[in-house]
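>>> give me coordinates for this.
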Amino acid sequence: MKLKQILTKDRLKNGLPKAAFYLLLFYLIFLLFGPNYGFVASFTGSAFNFNYQKRLTLREVLVLACSQILVCALACLASANVVLHLTFNALFPLVWTALRSSPFNNKGYFVGMITFVFLQLIPGYQNNIPRMMVISTLATGILVTVLMILQRFRTQKLDFSIIRDGLRQIADRLATGDTDNAGLISLEHTMYKMSYNGHNVMHVFARAEHVYYTFGLIFQRSAYYFVDKKNVSAAEAAPRARKELAAFLSRAALEMNQTDNGDLICDARELLEKGKTLEFRFGSFYRNVLRLLVVALKEMTETTPHREPFPVHRYFQDLINHLKLNAFEFRFALRLALVMTICFAIVDLSHAEHSYWLALNAFVIIQPLYEDSVTRVQARLIGSIIGCVAAYGACLLLPGPAWTYAFFTVMITCMYLSTPGKWVQPIFATACGVSMASITLGSGAAVEYRLLYLGIAALLVFLVNRFIFPSTREKQFRFNLHELYRMQRYYIRVLEAGLSRKISLTILHNTLVNFHMLCDEVRKYLNSHPQSLHVYYEQLLLLLWRMVAEAEQMIVLIHTEKLSEEERRAVGEFSRQAYDILKDRRPPHADQITPPEVNSFPFFHDLAERYTRNLLNVTEKIHQIRQIREEA
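You can find the predicted model right below:
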């Protein structure tokens, strides 16, 4: 093992605060309550590790504190008897993991689950629940205090470098006529990923996330405009407006800030007023970009939190999606619940010495994806063997408990400085556990128990991951493609609903971000698993991206432009036809869908025509991919 693998600048910067917080909490609990309650420092330290670099509001810190105390209370409640213990360990992972994780944040469950599991590993906690809740509440109070102190010295800064680069790219394309939009599509994906920021079902978007999302829309509008070379010639009727827009975007890239964008906003509104008469697709693109830029420039200078109504409809829809049997989150939740129930059943029924190490190792090893679990088992086995040898040697050489605690302190620090998930980290984690256990068990017995329970845990996790709702990367890839297609139906439903009632456009935020996150996951899989169908899948993703861009713009237009009743009926019929084709999935006849005539706003008709062509091409592409796969 090379020292430079641990003592890198980034590892020191990220690891030392984590190690310091854990050791502070561990020794405080040790002095006040005794060594048996060290696991409280472990799960509270995990909550700190996941949150100390985030810019959290007071509300978010308090929600974290309440969730920690609630999970501790549920873990204590489970101790009433064996039946309740096993029931809670079957149900809590099922619900918590399904609701807190996502395909893009598959560790969202970790803080709550490690709290629930590790509290149950504390020897004798069942016999002294009031003391356990006092210790957990004290640890949570220290966590909240430290996080709030950190927030006082940390301001929320927007990453302007990517935004400035995107605005300059748009300006350059307007000035030179270059139609290469690959860079803008890439920046659009980046903006949506930054807007996502690990949110889950209950998330309400923060100010920075709104800013990134708005610029993501700007890059989407621009990339969609440049995707067709005919757009350039259509804009030549307004060369002055084109030049003015390019100059303004270049200026905005240089001058925008988080303090005062008043001058830029005024100038953008003047350009909007001058561009009211611009026609064709360039006119719509021109106004779209400026309107969105005004919104973004306002959002980035807001000092109060962005408030929006609680998204009840989105919450329940996401909840249903997360609890479907074929959903990534729910399948992993089922496996995790089964593994933890079996582990605690063995612990409760056997009463074997240090059997809690079985549940500990199983929890650490099991991962959302099968391949990740295999990698984690291999790393854990190698690291544990080396760690046991190191701890055994240290215990023989160290003269007493005081030196053992010193060794433990060094190992904990090294553990936090090493890269998570690699084989190096388990060396230090194992050395910590064995050194502490050796104080009461003896070093030889501690090593034997550690390796025995690790082997049983590895076998259990392998069997469950292999045979119970397995989630491999290939299956997740197929599921992601299915979700990308399903989102097209959602957009069409929103388009139809918007014809009869006012819909808050913020409901599209979560869906659009998820769409781009899924696209990113699909491309990651394709890049790491080259196959003959790679080109076909890339073409399919581009078609789906165009459809989302077109559907999103049509939804905005029916809210911002005045359509006659006859035009609205035509759009409604178009929506129903498109939904039927999307639901059927088979290549339709060309006459099964007719773009609506919207004479009052020709750009809508243009979008609908393009959407229709892309929809027909998507169904044909899917049919083509199926045929090739069947023949192979």
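>>> from here on, just use CA atoms for contacts and neighbour counts.
Noted.
>>> give me the below-cutoff pLDDT ranges for the stretch 451-600 of the chain.
Within the stretch 451-600 of the chain, the segments meeting pLDDT under 70 span 504-507, 530, 585, 587-591.
>>> quick check: closest non-adjacent residue to residue 554.
residue 604 (6.3 Å; Cα to Cα, 6 or more residues apart in numbering).
>>> right, and that neighbour touches residue 556 too?
No - Residue 604 is not in contact with residue 556 according to Cα atoms under 8 Å; the separation is 10.2 Å.
>>> these two: which is more packed in?
residue 604 (25 against 15; other Cα atoms under 10 Å).
>>> please tell me how far the more buried one sits from residue 170.
23 Å (Cα to Cα, to the nearest Å).
>>> next: residue 622.
For residue 622, the distance to residue 170 - Cα to Cα - is 33 Å.
>>> what about the two, which has more around it?
Per other Cα under 10 Å, whichever of residue 622 and residue 170 has more neighbours is residue 170, with 24 against 16.
>>> surely that one meets residue 220?
No - when contacts are counted by Cα under 8 Å, residue 170 is not listed as touching residue 220 (10.9 Å).
>>> what is the mean pLDDT for stretch 14-33?
Per-residue pLDDT values over stretch 14-33 give a mean of 89.
>>> using PDB, write out every CA atom in that stretch.
Listed next in PDB are the C-alpha coordinates belonging to stretch 14-33 (Å, rounded to 0.1, in the frame of the first residue of the first chain):
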ATOM      1  CA  ASN A  14     -12.200  15.600   2.800                       C
ATOM      2  CA  GLY A  15     -11.100  13.000   5.300                       C
ATOM      3  CA  LEU A  16      -9.600  14.900   8.200                       C
ATOM      4  CA  PRO A  17     -12.900  16.700   9.100                       C
ATOM      5  CA  LYS A  18     -14.700  13.400   9.100                       C
ATOM      6  CA  ALA A  19     -12.100  11.700  11.200                       C
ATOM      7  CA  ALA A  20     -12.000  14.600  13.700                       C
ATOM      8  CA  PHE A  21     -15.800  14.600  14.100                       C
ATOM      9  CA  TYR A  22     -15.900  10.900  14.600                       C
ATOM     10  CA  LEU A  23     -13.100  10.800  17.200                       C
ATOM     11  CA  LEU A  24     -14.500  13.800  19.000                       C
ATOM     12  CA  LEU A  25     -17.900  12.100  19.300                       C
ATOM     13  CA  PHE A  26     -16.600   8.700  20.000                       C
ATOM     14  CA  TYR A  27     -14.400   9.700  23.000                       C
ATOM     15  CA  LEU A  28     -17.000  12.100  24.400                       C
ATOM     16  CA  ILE A  29     -19.500   9.200  24.400                       C
ATOM     17  CA  PHE A  30     -16.800   6.900  25.800                       C
ATOM     18  CA  LEU A  31     -16.100   9.200  28.700                       C
ATOM     19  CA  LEU A  32     -19.700  10.000  29.500                       C
ATOM     20  CA  PHE A  33     -21.400   6.600  28.900                       C
END
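>>> list the contacts of that stretch.
Stretch 14-33 is touched from outside by 35-38, 40-42, 45, 48-49, 135, 139, 409, 412-413, 416-418, with contacts defined as Cα atoms under 8 Å, 6 or more residues apart in numbering.
>>> if we go to 7 Å?
37-38, 41-42, 45, 49, 412-413, 416-417 (Cα atoms under 7 Å, 6 or more residues apart in numbering).
>>> closest to residue 145 among those residues?
Using Cα to Cα, residue 45 comes nearest to residue 145 of the contacts of stretch 14-33, at 13.3 Å.
>>> so the closest one versus residue 551, what's the distance?
On the measure of Cα to Cα, residue 45 and residue 551 end up 45 Å apart.
>>> more neighbours: which of these two?
Taking neighbours as other Cα under 10 Å, residue 45 and residue 551 compare with residue 45 leading, 25 against 21.
>>> the more buried one - nearest residue in space that isn't next to it in sequence?
residue 22 (5.4 Å).
>>> next SSE after the one helix or strand that neighbour maps to?
Using DSSP states H and E, residue 22 maps to helix 9-33. As assigned by DSSP H and E, the chain's next helix or strand after helix 9-33 is helix 38-51.
>>> in that next one, what counts as buried?
Residues of helix 38-51 classed as buried: 38-49, 51 (neighbour count, 16 or more other Cα atoms under 10 Å).
>>> what sits against residue 209?
194-196.
>>> of all the residues you listed, which comes closest to residue 298?
Once Cα to Cα is applied, the member of the contacts of residue 209 that ends up nearest residue 298 is residue 195, at 16.8 Å.
>>> what's around residue 396, how many residues?
Residues near residue 396, counting by other Cα under 10 Å: 12.
>>> the helix or strand hosting it packs against which elements?
Using DSSP H and E, residue 396 sits in helix 370-397. Using 3 or more Cα pairs under 7 Å, 6 or more residues apart in numbering; DSSP states H and E, the elements in contact with helix 370-397 are helix 356-365, helix 424-441, helix 443-467.
>>> before we move on, back to that, residue 555 is in contact with the residue nearest to residue 554, correct?
No - Residue 604 is beyond contact range of residue 555, at 9.7 Å (criterion: Cα atoms under 7 Å).
>>> check residue 283 and give its pLDDT.
79.
>>> ok, it to residue 245 distance?
11 Å.
>>> for residue 558, same thing?
For residue 558 relative to residue 245 (Cα to Cα), the value is 25 Å.
>>> quick one: contacts of the helix or strand containing residue 70?
Here residue 70 sits within helix 58-77, counting by DSSP H and E. Helix 58-77 is contacted from outside by 112, 115-116, 119-120, 126, 129, 137, 140, 144, using Cα under 7 Å, 6+ apart.
>>> picking up where we left off before, residues that sit against both of residue 604 and residue 555, list them.
Joint contacts of residue 604 and residue 555 (Cα under 7 Å, 6+ apart) do not exist.
>>> just want to know which of residue 283 and residue 245 has more residues nearby.
Set side by side, residue 283 and residue 245 show more neighbours around residue 245, with 24 against 19, by other Cα under 10 Å.
>>> returning to that earlier point: in the helix holding residue 396, what counts as buried?
370, 372-374, 376-381, 383-392, 394-395.
>>> and residue 58, how many residues sit next to it?
Residue 58 is flanked by 13 other residues according to other Cα under 10 Å.
>>> before we move on, what about residue 614?
20.
>>> which parts of stretch 79-94 are buried?
In stretch 79-94, counting by 16+ other Cα under 10 Å, buried: 79, 85-86, 88-90, 92-94.
>>> try stretch 147-156
147-148, 150-151.
>>> for the protein, which helix is longest?
helix 602-631 (DSSP state H).
>>> who's sitting farthest from the centroid in this structure?
residue 399 (47.9 Å; Cα atoms, centre = their mean).
>>> just the C-alphas of the helix or strand just after the helix holding residue 70, formatted as CSV.
Going down the chain from helix 58-77, the next helix or strand is helix 82-100, by DSSP H and E. Extracted in CSV, the C-alpha atoms of helix 82-100 (Å, rounded to 0.1, in the frame of the first residue of the first chain):
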residue,chain,number,x,y,z
VAL,A,82,-38.1,-11.0,18.7
VAL,A,83,-41.2,-10.8,16.5
LEU,A,84,-41.2,-7.0,16.5
HIS,A,85,-37.5,-7.0,15.9
LEU,A,86,-37.7,-9.1,12.8
THR,A,87,-40.9,-7.3,11.6
PHE,A,88,-39.3,-3.9,11.9
ASN,A,89,-36.1,-5.1,10.1
ALA,A,90,-38.2,-6.5,7.3
LEU,A,91,-40.4,-3.4,6.8
PHE,A,92,-38.1,-0.4,7.6
PRO,A,93,-35.5,-1.1,4.9
LEU,A,94,-38.3,-1.8,2.5
VAL,A,95,-39.9,1.6,3.0
TRP,A,96,-36.9,3.8,3.7
THR,A,97,-34.7,2.5,0.9
ALA,A,98,-37.5,2.7,-1.7
LEU,A,99,-38.3,6.3,-0.8
ARG,A,100,-34.8,7.7,-0.2
